[in-house]
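A.B. asks: Build the 3D model from these lines:
(2 chains)
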Amino acid sequence: MATPSLDQLQRGRRARITRIDGDDSLVQRLMEMGLLEGEEVEVVGFAPMGDPMEVRLGDYRLSLRRVEAARVHVEPL
Amino acid sequence: MPPLHRPTAALVGNPNTGKTTLFNALSGLRQRVGNYPGVTVETKKGQMCCGGQTFDVIDLPGTYSLAPRSPDEMVAVDVVLGCQKGEARPDVVVSIVDASNLDRNLYLTTQTLELGVPVVVALNMVDVAESQGIRIDADRLGRQLGVTVVPIQANKGKGLDVLRGAIAGAVIDRKTPKGPPFPEAFEREVEALHEVVGRDTPDFLVRRLLLDVGGYTEKRMVDRLGPDVAERVRSGRARLASAGCPAPAVEARTRYSWIRQATAGCVQRPDKRVVTWTDRIDKVLTHKVWGTLVFLVVMFVVFESIFTVADPLMKGIDHGKDWLTDGLRGLMPAGPLTGLLLDGVLGGVGTVLVFIPQILILFGFIAVLEDCGYMARAAFLMDKLMSRCGLSGKSFIPMLSSVACAIPGIMAARVIENRRDRLTTILTAPLMSCSARLPVYVLLIGAFLSPPRFPIWTPGLVMFLMYCIGLVVAPLVALALKRTLLRGETPAFVMEMPLYKVPSLRTVVRRMVDSGWAFVFRAGTLILASMVLVWALMYFPRVEPDGRLYDEHYAQLRKTSEEMRDGAGESPTREQQEAIEKTENDANTLQGEWQRQSVLGRMGQAIEPEVRPLGWDWRIGMAALASFPAREVVVGTLGVIYNEGQVDPDEVQHAEHVGDTRLARAMQQATWDGTDRKVYTAPVALSLMVFFALCCQCASTLAVMRRETRSWGWPAFTFTYMTVLAYVGALAVYQIGSLF
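C.D. replies: Numbering: from 1, shown residues only, chains lettered A, B, ... in the order given. Coordinates of the predicted model:
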């Protein structure tokens, strides 16, 4: 069952993180910044050329590249 | 019993939490910068007074986690563990957290709880949190975390006395807190691994070894203990994964669930999220259209201010130097000492000082943009573009600064955390067309590429193309570097977009002053040395064929011509005018002869075979050599070589018709030695300009590069590759241009 990833969501959508692919330093970084299973995120927008994207997570905002966001699988709310 | 030695406090915290403000507030002006060998990260050290005792404070670089992924990040970990040579182990760690962002900030705090030293939490920005409806019970939070939590507002100086008291108290109590409890399976693996690496390794590092897949701890252990360690770590991680607590996820899960428990009941949040000013502003600033527009306007303002504000100041400094030099020259006897003092030392000091207005203004802007939070948005908007060159959005501002002057650009590259990206940015910054190249362009375009010989649009087009050369070549070189020398894993771009805030004047001014000083003292010495060297190479030998000294003879001629001018008064007769001009011409001719037979002149003649394929004769080669300290020097040197005396680049740049200035005319008439063939043709002018576009004739830039990269190798590499590029470029342009 393929769940959508964060980079596939549209602006304004909210979702809950279901899992994060991989165990490398990128994943560690994503987790350090608060992107964990069970967390709720909201897609704020995309940069002019479509990349990177900005998400809101709790009390703060993060920007990340689409290729990084593709590791974060979500369940749209 | 209070400790007998001077206790040390280490300050850790996320970026954008006001850590620097707190550090400045605690240590005042008693600060110094520390360097560690082998890394480019700088730590700031200061002193503060807590509970009647003087403490050393170390401000560690802002970070989101103590999981080291590079030698730079490893230094911070080594310092807090007391493993860094020459550093005492901190007696207390002060973990500064942003109250409006508590959970994520506490992640780092939970790591500090495992270091085995007392911890005090400074809960900063409580006012910002309250404006979002977030209320925190600091005492309760402290009880649940097991440490003292002190609410503060660092920028207003509130709560600092209580904090100082808490720090002093923590050192006396010596209570070491405990971090979140990890799953048993994890603790078992840590134990097993601890046996393997040796009991003298700190517990914290063993945990990092297990958790940080591909991290720096693993690399260092393998270097020290061999590949066996890697195998043990791998099998340990495999066991953890099958036990349901894989690395690195187990860390984040453990910490955040503990944080959630610890903050339960301590933090009140509003039911509905409050829309902040940041949300409103960002709607515009990160908008596809409006955001880009605002960004362009901001960049334009920064540039304009350099040209309108910095320029007059720089001219002022230049003229001041000239006034001083000329005045002193009249008072001192001609001779090597005078020359050394006036042309070498004062010239060098002048060159250093002339950069200050530009550097201060650019740094002021960069500091304001960073402090208010806009930098992250700029990096966000520009990331895609920079990715095409193998870099990230964070490189944009440094590269853009370099279009005005590479020096602030290179210094601004510090914000780039990834070492390879930072280095690539630094190494390609000098290619961005800086403003010092302008006098050369103006002179050559005005003299050789203008009407009436060329159509009216030629000067504008050529100038534009010259600028473009740098803007096109720099990204290409960056890409090449990232594919070869500086190849490596693409660093994660994940970046926090901090809340907007009004920039603090104190912080901005402090950063401006710090970078100004840093430039003057660190880079200044090298610049001075190179100016003195070039002066010496152009001064010696100083004996004329008939035994007179060039220096004295020249000074005499100039004195005579000045006296003649004064004597002739307001309206000299034709004979008087002719006599004055003859004396001045004699002086200039003598100076030209002196330079030609100097060491540098002979070097120019020696390299003539090498530069002839570029269409240059030895005079041009000599001018290029002489301009090593600073590009603008080439105009003055050309002036001397063509017996027009020291031409002021400013006068050339702002002349009505450059083609009519004396230097331009002299160059237009110049022929190859012993022939009638003109030296300067359009292809030659172009090849000279292309050379200057691509070369690194700027000792200041190299000096700053040396300071930022902490090695001589990188500046040497940059000088070499840029000179090669410049040579090849000039060669291609001349050879192809000559075909037409």
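
A.B. asks: Can you give me the neighbour number for whichever residue of chain A sits closest to chain B?
C.D. replies: Closest contact between chain A and chain B, by C-beta to the nearest C-beta, is at A:M31 (3.6 Å). The C-beta positions use only the backbone N, C-alpha and C, and glycine is treated the same way. If you count neighbours by other C-beta atoms under 10 Å in any protein chain shown, A:M31 ends up with 22.

A.B. asks: Look up the closest residue to it, ignoring the ones flanking it.
C.D. replies: Excluding its sequence neighbours, the residue lying closest to A:M31 (C-beta to C-beta, 6 or more residues apart in numbering or on different chains) is B:A252, at 3.6 Å.

A.B. asks: Pull the contacting residues for the one you found.
C.D. replies: With contact set as C-beta atoms under 8 Å, 6 or more residues apart in numbering or on different chains, B:A252 has these partners: A:28, A:31-32, A:36, B:107.

A.B. asks: Could you dump these into JSON lines and include secondary structure, pLDDT and distance to B:K156?
C.D. replies: Putting the contacts of B:A252 into JSON lines (DSSP: H, G, I helix; E, B strand; the rest coil; pLDDT from 0 to 100; distance: C-beta to C-beta, whole Å) gives the following:
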{"residue": "A:Q28", "secondary structure": "helix", "pLDDT": "92", "distance to B:K156": "36"}
{"residue": "A:M31", "secondary structure": "helix", "pLDDT": "94", "distance to B:K156": "34"}
{"residue": "A:E32", "secondary structure": "helix", "pLDDT": "92", "distance to B:K156": "30"}
{"residue": "A:L36", "secondary structure": "coil", "pLDDT": "92", "distance to B:K156": "34"}
{"residue": "B:Y107", "secondary structure": "helix", "pLDDT": "96", "distance to B:K156": "26"}
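
A.B. asks: now these in a markdown table, with distance to B:L296?
C.D. replies: Output for the contacts of B:A252, formatted as a markdown table (distance: C-beta to C-beta, whole Å):
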| residue | distance to B:L296 |
| --- | --- |
| A:Q28 | 36 |
| A:M31 | 36 |
| A:E32 | 34 |
| A:L36 | 37 |
| B:Y107 | 37 |
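
A.B. asks: Averaged pLDDT, stretch B:602-620. What do you get?
C.D. replies: Averaging pLDDT along stretch B:602-620 yields 88.

A.B. asks: Quick check: end-to-end length of it?
C.D. replies: 12 Å (C-alpha to C-alpha, to the nearest Å).

A.B. asks: Low-confidence stretches in chain B?
C.D. replies: Low-confidence segments of chain B, defined by pLDDT under 70: B:1-4, B:307, B:645, B:656.

A.B. asks: Not counting its own residues, what contacts the longest strand along it?
C.D. replies: For chain B, the strand with the greatest residue count under DSSP state E is strand B:42-50. For strand B:42-50, the external contacting residues (C-beta under 8 Å, 6+ apart) are B:9, B:23, B:26-28, B:30-36, B:54-61, B:75-76, B:79, B:164-165, B:167-168.

A.B. asks: Now which of those residues would you call buried?
C.D. replies: B:9, B:23, B:26-27, B:31, B:36, B:55-61, B:75-76, B:79, B:164, B:167-168 (16 or more other C-beta atoms under 10 Å in any protein chain shown).

A.B. asks: Helix, strand, or coil at B:Y64?
C.D. replies: Taken by DSSP: H, G, I helix; E, B strand; the rest coil, the conformation at B:Y64 corresponds to coil.

A.B. asks: Flag every residue of chain A that's near chain B.
C.D. replies: Chain A comes close to chain B at residues A:20, A:23-34, A:36-37, A:44-52, A:54, A:58-65, A:68, as judged by C-beta under 8 Å from any C-beta of the partner chain.

A.B. asks: What subset of the residues you listed is buried?
C.D. replies: A:20, A:23, A:25-34, A:36, A:44-48, A:51-52, A:54, A:58-65, A:68.

A.B. asks: Out of the residues you listed, list just those in strands.
C.D. replies: Going by DSSP E, the strands hold A:20, A:44-46, A:54, A:60-64 from these.

A.B. asks: Looking at the residues you listed, which is nearest B:A518?
C.D. replies: A:S63 (30.1 Å; C-beta to C-beta).

A.B. asks: Show me what the closest one is bridged to.
C.D. replies: A:E54, B:M495 (DSSP bridges).

A.B. asks: what's near enough to touch it?
C.D. replies: Neighbours of A:S63 in contact, by C-beta under 8 Å, 6+ apart: A:47, A:52-55, B:376, B:379-380, B:383, B:493-495, B:497.

A.B. asks: and the residue of chain B nearest chain A?
C.D. replies: Closest point on chain B to chain A, by C-beta to the nearest C-beta, is B:A252, at 3.6 Å.

A.B. asks: so A:L26 touches A:E68, yeah?
C.D. replies: Yes. Counting by C-beta atoms under 8 Å, A:L26 does reach A:E68; the two are 6.3 Å apart.

A.B. asks: Overlap of the contact sets of these two?
C.D. replies: B:A492.

A.B. asks: could the contacts of A:S63 be laid out in JSON lines, adding distance to B:G142?
C.D. replies: Listed next are these as JSON lines, based on distance: C-beta to C-beta, whole Å:
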{"residue": "A:A47", "distance to B:G142": "41"}
{"residue": "A:P52", "distance to B:G142": "37"}
{"residue": "A:M53", "distance to B:G142": "37"}
{"residue": "A:E54", "distance to B:G142": "34"}
{"residue": "A:V55", "distance to B:G142": "31"}
{"residue": "B:A376", "distance to B:G142": "31"}
{"residue": "B:A379", "distance to B:G142": "36"}
{"residue": "B:F380", "distance to B:G142": "36"}
{"residue": "B:D383", "distance to B:G142": "39"}
{"residue": "B:F493", "distance to B:G142": "35"}
{"residue": "B:V494", "distance to B:G142": "30"}
{"residue": "B:M495", "distance to B:G142": "31"}
{"residue": "B:M497", "distance to B:G142": "30"}
